[in-house]
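Enquirer: Build me a model from this:
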Amino acid sequence: KYRTAKPAMLSLHRPGFGEVHLLIMGMTGAGKTYGAYRLFADEFTWAETYTIYVDTVKGAQSLGPIAKGIRWAMRTEAEALALMKALQDRVIPGRAQYLGKRKLKAWQPGCGLVRLRIHVEEGAGLFLGNKAFTRVMERARSVGVQVTLSGQRFSYTAIDVSARSQFGAVLCFGVSDSDDAKF
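Expert: As a prediction, the model looks like this:
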């Protein structure tokens, strides 16, 4: 809840707009993974979502209680980088073509494609300098592809500024000082 006692809402799909990319950040032990579990609990009730989970650091340790709901888990950097390349080169253009033929400006439930969610745990630095990742972030939203990236601090040394600017929502689970809070 907000300080005003109103329910806090985090919409990762906006009708007519498309997907909203989410950045989850916070210092070690702040609860980022458990915060993501709450999002998965909601998402697993959706009929038209396919979830890919990427964790090249902790793998099965962080996957834990959500393993049964995940459609595909990736544990190596090579897999993660190949995923971004495939999304850039084949998946996003194919989905855009499909939606365009149906005169849809953005993915919507019931359009014939599932919503594709990619959650990257411990993602700081994983895609730094990776042009395919930046292109995916710029192009994925309207075709029903949503990216969540979790990590401790997303400065320019951890993620390209162009990619970071594509995140429309941020969850911050605690920082060590006021400078990090301002960031």
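Enquirer: Just give me the residue closest to the centre of this structure.
Expert: The chain has Thr148 as the residue nearest its centroid, 1.6 Å off, counting by C-alpha atoms, centre = their mean.
Enquirer: Strands along this structure, start to end?
Expert: When secondary structure is read from DSSP state E, the chain shows strands at 13-14, 18-19, 21-25, 49-55, 72-74, 115-121, 145-151, 167-172.
Enquirer: Where in this protein is the helix or strand with the lowest mean pLDDT?
Expert: Least confident helix or strand, the chain: helix 178-182 with a mean of 70, by mean pLDDT, DSSP states H and E.
Enquirer: ok, back up a step: tell me what the residue nearest to the centre of the chain is bridged to.
Expert: Applying DSSP bridges to Thr148 gives these bridge partners: Leu22, His119.
Enquirer: what's near enough to touch it?
Expert: If you count contacts by C-beta atoms under 8 Å, 6 or more residues apart in numbering, Thr148 has them with 12, 21-24, 36, 39, 117-120. Where you see a C-beta, it was placed from the backbone N, CA and C, and this is true even at glycine.
Enquirer: picking that back up, would you turn the strands of the chain into JSON lines with distance to Gln61 and mean pLDDT?
Expert: Formatted as JSON lines, the strands of the chain follow (distance: least, C-beta to C-beta, whole Å; pLDDT from 0 to 100):
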{"stretch": "strand 13-14", "distance to Gln61": "29", "mean pLDDT": "80"}
{"stretch": "strand 18-19", "distance to Gln61": "28", "mean pLDDT": "86"}
{"stretch": "strand 21-25", "distance to Gln61": "17", "mean pLDDT": "89"}
{"stretch": "strand 49-55", "distance to Gln61": "8", "mean pLDDT": "91"}
{"stretch": "strand 72-74", "distance to Gln61": "12", "mean pLDDT": "89"}
{"stretch": "strand 115-121", "distance to Gln61": "10", "mean pLDDT": "92"}
{"stretch": "strand 145-151", "distance to Gln61": "14", "mean pLDDT": "91"}
{"stretch": "strand 167-172", "distance to Gln61": "21", "mean pLDDT": "84"}
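Enquirer: Same list (those) but as TSV, adding distance to Lys6.
Expert: Formatted as TSV, these follow (distance: least, C-beta to C-beta, whole Å):
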stretch	distance to Lys6
strand 13-14	19
strand 18-19	24
strand 21-25	20
strand 49-55	27
strand 72-74	36
strand 115-121	26
strand 145-151	24
strand 167-172	17
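Enquirer: Among the ones you listed, which comes closest to Tyr2?
Expert: Closest approach to Tyr2 among the strands of the chain (C-beta to C-beta): strand 167-172, 13.6 Å.
Enquirer: gap between the two ends of stretch 121-128?
Expert: 15 Å (C-alpha to C-alpha, to the nearest Å).
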